[in-house]
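Student: generate coordinates for the sequence data below:
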Amino acid sequence: LIIVARSGDALQKLKTDLESTYTINVHVIEKDLTAPHATQEIYDEITAAGITVNYLINNAGFGGIGKFHKRDWATDQNMIMLNIMALTHLCRLFIPDFVNRNEGKILNVSSIASLMPGPMQAVYFASKAFVSSLSNAMAQELSTTNVTVTNMMPGATATEFGKVSGMDKTSAFDQTATAENVAQTGYDAMINGAIDVKAGLTFSQKAMIATIPLAPKKILLQMMEKMQQPRE
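Tutor: Numbering: from 1, shown residues only. Next up, the predicted model:
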């Protein structure tokens, strides 16, 4: 198992926990995925170590609340680098190896946010729309091989994302799924080669999503903006 993040201490603790619990070896790569050359460095390190990657899971990402023109540009630029650029480049780096071996699976973690525009989280929602579109297109391009690309669209999930993004103070995060449930759903879908999978949604959330194509755009935008207003 190769785990990548910028928090080295947390990664080392996770490595110790996993190796003591399961019969696996864990390779740690401490890297900030918002850095321009991080993805190439990750690929080069894995290749130099002689590790064959069977599954690529792109799970890193963050969001943030605020009107587009008022948000800190450096923060949103990093969001684009992480949510879009890093994910896209990692897919581009590993897919040729997968195709050459005619095996491999990719799980890209998008969001139900990809299904609609997101006033008050304009860049985040747009970045997830990119992930879903890219994943689906790659899945079709690879359909004549044994390489699959699965696009997972979770709803609100109980992770650090809510706190970091500020979404935990909005009505959109009143009901959250567990990370374990969402991860299992995504993993199972990847193993089965599914193109799309939604995860961690309540019945009311599923019902709301079903109405998205039917709702007038102006009403949808107003509803989404209201849902993402932080509570006082």
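Student: pLDDT on the strand or helix carrying Gln77, on average?
Tutor: Assignment of secondary structure by DSSP states H and E places Gln77 within helix 73-80. Average pLDDT, helix 73-80: 97.
Student: next SSE downstream of the helix or strand bottoming out on mean pLDDT in the chain?
Tutor: Least confident element among the helices and strands of the chain, by mean pLDDT, DSSP states H and E: helix 160-165 (a mean of 58). Elements were assigned by DSSP H and E; along the chain past helix 160-165, the next helix or strand is strand 177-178.
Student: and the helix holding Gln77, what does it pack against?
Tutor: Contacts of helix 73-80 with other secondary structure elements, assessed using 3 or more Cβ pairs under 8 Å, 6 or more residues apart in numbering; DSSP states H and E, are made with helix 122-141. From N, CA and C alone the C-beta is placed, and that goes for glycine too.
Student: restrict the helix or strand that the helix it packs on is followed by to CA atoms and write it as PDB.
Tutor: With elements assigned by DSSP H and E, the helix or strand that comes after helix 122-141 is strand 147-154. Below are the C-alpha coordinates for strand 147-154, written out as PDB (Å, rounded to 0.1, in the frame of the first residue of the first chain):
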ATOM      1  CA  VAL A 147      -8.400  -1.000 -17.300                       C
ATOM      2  CA  THR A 148     -11.400   0.600 -15.500                       C
ATOM      3  CA  VAL A 149     -12.100   4.100 -14.200                       C
ATOM      4  CA  THR A 150     -14.700   4.600 -11.500                       C
ATOM      5  CA  ASN A 151     -16.100   8.000 -10.600                       C
ATOM      6  CA  MET A 152     -17.400   8.100  -7.000                       C
ATOM      7  CA  MET A 153     -19.800  10.900  -6.000                       C
ATOM      8  CA  PRO A 154     -20.200  10.900  -2.200                       C
END
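Student: assumed Thr88 was part of a strand.
Tutor: No - inclusion of Thr88 in a strand is not indicated when DSSP: H, G, I helix; E, B strand; the rest coil is applied; the result is helix.
Student: quick check, it in contact with Leu134.
Tutor: Yes - with contact defined as Cβ atoms under 8 Å, Thr88 reaches Leu134; the gap is 6.4 Å.
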